[in-house]
Every structure is written in C-alpha cells, then in structure tokens.
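K.L.:
what follows is a protein structure lacking sequence information:
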C-alpha cells in the first residue's frame, strides 16, 4: 500500500474524519426530531395562517388551482386544508399524534404534488424529508407522545 493510501485509510479509521463522524453520531435523536418538528410546524402553521388571513383569496385558489383535486368540493377542501395545517402544526409542535399527523401531511403533499402543483417538487421533497423522519422514527423523547408512553409503561408495572 502506498504511503498516500495508507494515510487516507488511517484518516478514515482514527483520524479527523472519523472523529467528526463520531461527534455527529452523538447528536441525540430527540434534538434532531425536535428540529424536524419545528420545521413542520413552521411550514404548515404559516401556510394555514396565510390562508386564514385572506379567506376570500383562499376560496378562490381552491376554486381555480385546487379544483383539479378529485372527489372534494373546493370549499370543503379549503376547510380541510386549513384545519390540517393549523391543527396538525400545533400537534406536531408539542409531539402529540406525531406519526399520524406526519402521515396526513404526506398524504396532503402527495395530492398537491400530483394534482395541483407538479412543478413544486423541489419544495415538497424537503417537506417529505423531515416528515418521513418523523413518521419512521417518531417525535423523540421531548414530546407528549413520549411522555404518554412513559406514563402508560409506568402504570403497567
């Protein structure tokens, strides 16, 4: 093995790269999940607030751009979207029903992506990334979901 290849192998095994990776792997999942929940809250809370701030514009948007959504009348879809955005944002922020809300948001994003704004995938893929993390791994230990699980486990002893 050449001295350059040997130095590179040593860097990976015990050098600065390995050290940096070790430090990164020590970041608690609860912190990562809290940040993901904060991102979800921000995206959906601000979207819901914007719709409420201009309700006439929101109804118009749902009658025009969102009219491509099958099965749902535009006004019902508008109420459902705002309810999910605002209610789900609060639930995700406190970590209550996190996986269920993340799944509902992923469904809403899929409908918007497929039927309404297919060109918006660069934004939607970012939302999907933090929502999939929450769906797959849960809200973390700093959440009402985790608190409820701890209380239930304590009662079962």
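P.N.:
Here it is on my side, so go on. Because the structure is a prediction, the values reported are computed rather than measured.

K.L.:
what helix or strand is the residue nearest the centre of the chain on?
P.N.:
When CA atoms, centre = their mean is applied to the chain, the residue found nearest the centroid is residue 131 (2.7 Å). Under the criterion DSSP states H and E, the helix or strand holding residue 131 is helix 121-137.

K.L.:
which outside residues touch that helix?
P.N.:
Helix 121-137 has contacts (CB atoms under 8 Å, 6 or more residues apart in numbering) with 29, 32-33, 36-37, 39-40, 43, 92, 98-99, 102-103, 105-106, 109, 112-113. In short, each C-beta sits where N, CA and C put it, glycine included.

K.L.:
with stretch 107-118 instead?
P.N.:
Contacts for stretch 107-118 (CB under 8 Å, 6+ apart): 65-66, 68-70, 81, 84, 120-121, 124, 127-128, 131.

K.L.:
hmm, which of the residues you listed are the buried ones?
P.N.:
When neighbours are counted using 16 or more other CB atoms under 10 Å, those contain these buried positions: 66, 69, 81, 84, 124, 127-128, 131.

K.L.:
and those, which is the shakiest by pLDDT?
P.N.:
Least confident by pLDDT among the buried ones among the contacts of stretch 107-118: that is residue 69, with 79.

K.L.:
skipping adjacent residues, who's closest to that residue in space?
P.N.:
residue 115 (5.1 Å; CB to CB, 6 or more residues apart in numbering).

K.L.:
what number of residues lie near the one you found?
P.N.:
14 (other CB atoms under 10 Å).

K.L.:
now it: how far from residue 71?
P.N.:
Remark: distance between residue 115 and residue 71 (CB to CB, to the nearest Å) = 10 Å.

K.L.:
same thing with residue 35?
P.N.:
Computed as CB to CB, the residue 35 to residue 71 distance reads 35 Å.

K.L.:
of the two, which one has the most company?
P.N.:
Legend: neighbour count by other CB under 10 Å for residue 35 and residue 71, higher for residue 35 (14 against 6).

K.L.:
contacts only, for the more buried one.
P.N.:
Per CB under 8 Å, 6+ apart, neighbours of residue 35: none.

K.L.:
for it, grab phi and psi.
P.N.:
Phi and psi for residue 35, reported as degrees, to the nearest 10, are phi -70, psi -40.

K.L.:
so which helix or strand of this protein has the lowest pLDDT on average?
P.N.:
The helix or strand of the chain with the poorest confidence is helix 3-14; it has a mean of 55 (mean pLDDT, DSSP states H and E).
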